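J.: Curious how this folds, go ahead:
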Amino acid sequence: MHLFDQYFKKYPKQLGIFLSIIGVLILTPDTMVMRFSNLEQWPLMGWRGVLMGVTLLIIWRFILNPCVEKELRSLLSWKGFVVIFSFAINSIFFTLGILETSVMLILTALATMPVFAAVLSSFMLKEAQGWLGWLTIIASMVGVSIVVSDGNNAIGQPTGSIILGAIYGGMTAFGLALTFTMARKYPDLAVLPAGAVGALISGIIGFALSSVDGVFNAPIWTIFSMGVIILPLSFTCLIIAPRYTTSAIVSLIMLLEMVIGPFWVWIGIGERPSITMICGSIIVFVVIAFHIFRTQFSYSEKT
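T.: Predicted coordinates for the structure are as follows:
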């Protein structure tokens, strides 16, 4: 982190917000590129995981200039193994979900990440949520249920199970929430290399389950842009950002993916959610945004 510290010591909060926005904007076309790749789920998971993991390690080692020995020690601990596991979960289930059903459904389920973070914080950080917090959880789940209930009416979506897709999206949200909660609870934990190892594990699993013919059945630009540009650059920004601003701000900015991601897919390949699905997503967006604003203003003086 020394590279960022050197230039932005005077403006840490602005840097955190800037990194969050850049990270999310880079991430938004990811689902469209996944569709353009035409890969099946296992080779897609393989390329994304391996290329992302290798690129993250290069960024961590040669650009961020870490204290390698210290960060590797934190990586080889139970905390590091938890983050590796949670990031692998995120990588695996997001890929499975996008190829199972509509992008809108998966990104709406993924937007519940702050809800999982709130639940995890209750147990791991002993943070009481209060009745408004639990009401937020219930309301957001209602919104996701509305999207799922009308999932079959999306135009141009994959013909998989919408229920299974929603489960995949929820597991992705859980994996991200666990990653960010661990990073918050243990500030000295080397989250970036742990995420890289988790991505590598998901990639190895993907390639192990792939057929030889299916691995190279994709335009090279899609594989390169996903694994070397979109995923590592966006997650580097999003993992670093909470060190400079609050995790609530990062979570709020990440909601932009739920709005912009389906739009990219709509423009790129014509996959269009139904009006009911859009309404359900709006409910989730408004409820989560309100929750984050409420908690941010309530606890900003303490953080």
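
J.: Please enumerate the helices of the stretch 51-200 of the chain.
T.: In the stretch 51-200 of the chain, the helices defined using DSSP state H, counting those that start in this stretch lie at 68-75, 78-100, 103-110, 113-124, 130-149, 162-185, 191-208.

J.: how about those in JSON lines, adding mean neighbour count and distance to Leu51?
T.: C-beta here means a position set from N, CA and C on the backbone, and glycine is covered the same way. As requested, the helices of the stretch 51-200 of the chain are exported to JSON lines (neighbours: other CB atoms under 10 Å; distance: least, CB to CB, whole Å):
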{"stretch": "helix 68-75", "mean neighbour count": "14", "distance to Leu51": "20"}
{"stretch": "helix 78-100", "mean neighbour count": "23", "distance to Leu51": "11"}
{"stretch": "helix 103-110", "mean neighbour count": "28", "distance to Leu51": "21"}
{"stretch": "helix 113-124", "mean neighbour count": "20", "distance to Leu51": "24"}
{"stretch": "helix 130-149", "mean neighbour count": "17", "distance to Leu51": "31"}
{"stretch": "helix 162-185", "mean neighbour count": "22", "distance to Leu51": "19"}
{"stretch": "helix 191-208", "mean neighbour count": "23", "distance to Leu51": "7"}
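
J.: If we ignore the residues flanking it in sequence, what's nearest Leu238?
T.: Nearest in space to Leu238, with sequence neighbours left out and distances taken as CB to CB, 6 or more residues apart in numbering, is Gly23 at 4.1 Å.

J.: Would you point out which residue is most central in the chain?
T.: Central residue of the chain (CA atoms, centre = their mean): Leu176, 5.6 Å from the mean position.

J.: Isn't that one up against Asn90?
T.: Yes - contact status for Leu176 versus Asn90: in contact at 5.2 Å, counting by CB atoms under 8 Å.

J.: returning to that earlier point: adding mean pLDDT and distance to Tyr244 as columns, could you present the helices of the stretch 51-200 of the chain in CSV?
T.: Below are the helices of the stretch 51-200 of the chain laid out as CSV (pLDDT from 0 to 100; distance: least, CB to CB, whole Å):
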stretch, mean pLDDT, distance to Tyr244
helix 68-75, 85, 18
helix 78-100, 94, 19
helix 103-110, 90, 23
helix 113-124, 79, 18
helix 130-149, 82, 25
helix 162-185, 88, 13
helix 191-208, 95, 14
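
J.: For Pro232, which of those is the nearest?
T.: helix 191-208 (8.3 Å; CB to CB).

J.: Give me the packing partners of the closest one, helices and strands only.
T.: For helix 191-208, the contact count by 3 or more CB pairs under 8 Å, 6 or more residues apart in numbering; DSSP states H and E identifies helix 41-58, helix 68-75, helix 78-100, helix 162-185, helix 231-240 as packing neighbours.

J.: Now do the same contact list for Thr181.
T.: Ala117, Leu120, Ser121, Met124, Leu125 (CB atoms under 8 Å, 6 or more residues apart in numbering).

J.: Give me the nearest residue to it, chain neighbours excluded.
T.: Leu120 (4.5 Å).

J.: Could you pull up the residues touching the one you found?
T.: Counting by CB under 8 Å, 6+ apart, Leu120 makes contact with Ala177, Leu178, Thr181.

J.: ok, the second one touching Lys79?
T.: No - applying CB under 8 Å as the test, Leu178 and Lys79 come out as separate, 11.3 Å apart.

J.: centre of the chain versus stretch 167-186, how much separation?
T.: Distance of stretch 167-186 from the chain centroid (CA atoms, centre = their mean, to the nearest Å) equals 8 Å.
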